[in-house]
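J.: structure here, sequence nowhere to be found:
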DNA sequence: CCACTTCTACCCACTTTTCCCCACCAATCA
DNA sequence: TGATTGGTGGGGAAAAGTGGGTAGAAGTGG
């Protein structure tokens, strides 16, 4: 279970160093092989390779002629890139993904249970603003009984 | 399984170099023989030859008198061209297909599981804009329970 | 039917990029 | 204070991308 947000830096070659606390888990579960892809909210998704496969297969089963399904396939499968951690626990973020998520030097890696999200500094701050702005109406349909 | 987007250049002779990471798979599955054809979304489709045959047969079984089926047949079968990778892993994109998809020098090869799509730079950027614009309403019918 | 021209395909060589590994710096804990 | 672990940067070898040149085939015109 991945949780917690870490501020990371993209180095000159477009790599990020996965925080050490997550490395063991990633090495164990998939020998360091990760899949990076695009998320419709303009951030990136990072899955351990085994967790990605069922998601990919589900998306691929959808029709290519239903417009939204076609877009989703192009986004999730079209942008997916398999990458491995190097000896220092770093992964390369390809230029097309960096461009999609508008990543600059400072980025945020956010644990989301089975996977991570990778946000640009600006995007992550904007998300926080949204949460605070929504305020009272935060609970989505189906979660009205949720309480902290 | 083909996934990932790569920016490629069409050279002066109208060829694209298939990224090395996909070449082994294509050589194995069909000895480098590919089928290129037109996609109704104004991009091109690239199938390994064995994966194309069942699709072609399915389209050809449709009635020639049902107007949409006739259009689909003319598009998919009418534009289909078999090409082989050369020793350097390049394939020729015929002028008629280049014109159909409005390909210029910079193009994008997008993996879609069993096959690829080939987009003009402008077309691919427009697709991305659509994805981001749809945003909240992204989930297509039948996939409402899909979660990342 | 032959010859000339054009187009295509294959091959080779050069340039660029990528990937892997090593070394250094900083921070933390003993 | 020293040792160990995590983060960062850089350099070099190997592979991939790109362009051009030549030979062969196909098409056309005389």
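T.: Great, that's in hand. No experiment lies behind these values; they were computed from the predicted model shown.

J.: which residues of chain A fall in strands?
T.: A:5-9, A:15-17, A:33-39, A:43-48, A:81-84, A:90-92, A:106-111, A:116-120 (DSSP state E).

J.: can you name the residues bridging to the residue most central in space within chain A?
T.: Compute the mean C-alpha point of chain A, and by C-alpha atoms, centre = their mean the closest residue is residue A:45, 1.8 Å away. In this entry, residue A:45 is beta-bridged to residue A:37, residue A:117, by DSSP bridges.

J.: close to chain B, is the longest helix along chain A?
T.: In chain A, with assignment by DSSP state H, the single longest helix is helix A:121-134. No. Residues of helix A:121-134 are not located near chain B by C-beta under 8 Å from any C-beta of the partner chain, the shortest gap being 11.7 Å. Just so you know, the C-beta spots here come from the backbone N, C-alpha and C atoms, and that holds for glycine as well.

J.: so which bits of that helix are buried?
T.: A:123, A:124, A:127 (16 or more other C-beta atoms under 10 Å in any protein chain shown).

J.: tilt between that helix and strand A:43-48?
T.: Going by axes from the mean of the first three to the mean of the last three C-alpha atoms, to 10 degrees, helix A:121-134 is angled at 100 degrees with respect to strand A:43-48.

J.: name the helices or strands packed onto helix A:121-134?
T.: strand A:106-111 (3 or more C-beta pairs under 8 Å, 6 or more residues apart in numbering or on different chains; DSSP states H and E).

J.: related to what we said a few turns ago, so the longest helix of chain A, near DNA strand D or not?
T.: No. Against DNA strand D, helix A:121-134 shows no contacts by C-beta under 7 Å from any atom of the strand, the least distance being 13.7 Å.

J.: quick one: contacts of that helix?
T.: Identification of contacts with helix A:121-134 by C-beta atoms under 8 Å, 6 or more residues apart in numbering or on different chains yields A:5, A:7, A:42-43, A:101-102, A:104, A:106-108, A:110, A:119, A:138.

J.: over to stretch A:79-95?
T.: Outside stretch A:79-95, the residues that touch it by C-beta under 8 Å, 6+ apart are A:10-11, A:13-18, A:20, A:23, A:26-27, A:31-38, A:44, A:46, A:49, A:52, A:56, A:96-97, A:100, A:103, A:118, B:3-5, B:7, B:111.

J.: and those, which are buried?
T.: By neighbour count, with 16+ other C-beta under 10 Å, these hold A:10, A:15-18, A:26, A:32-38, A:44, A:46, A:49, A:52, A:56, A:96-97, A:100, A:103, A:118, B:3-5, B:111 as buried.

J.: these also near DNA strand D: which ones?
T.: Answer for these near DNA strand D (C-beta under 7 Å from any atom of the strand): residue A:17.

J.: how about the residues of chain A by DNA strand D?
T.: A:8, A:9, A:11, A:12, A:13, A:17, A:19, A:20, A:88, A:89, A:90.

J.: which of those residues are close to DNA strand C?
T.: A:13, A:88.

J.: JSON lines for the residues of chain A next to DNA strand D, including distance to residue A:60 and pLDDT?
T.: Listed next are the residues of chain A next to DNA strand D as JSON lines, based on distance: C-beta to C-beta, whole Å; pLDDT from 0 to 100:
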{"residue": "A:8", "distance to residue A:60": "31", "pLDDT": "92"}
{"residue": "A:9", "distance to residue A:60": "34", "pLDDT": "92"}
{"residue": "A:11", "distance to residue A:60": "33", "pLDDT": "89"}
{"residue": "A:12", "distance to residue A:60": "35", "pLDDT": "88"}
{"residue": "A:13", "distance to residue A:60": "31", "pLDDT": "90"}
{"residue": "A:17", "distance to residue A:60": "32", "pLDDT": "93"}
{"residue": "A:19", "distance to residue A:60": "31", "pLDDT": "93"}
{"residue": "A:20", "distance to residue A:60": "34", "pLDDT": "91"}
{"residue": "A:88", "distance to residue A:60": "34", "pLDDT": "89"}
{"residue": "A:89", "distance to residue A:60": "31", "pLDDT": "90"}
{"residue": "A:90", "distance to residue A:60": "29", "pLDDT": "93"}
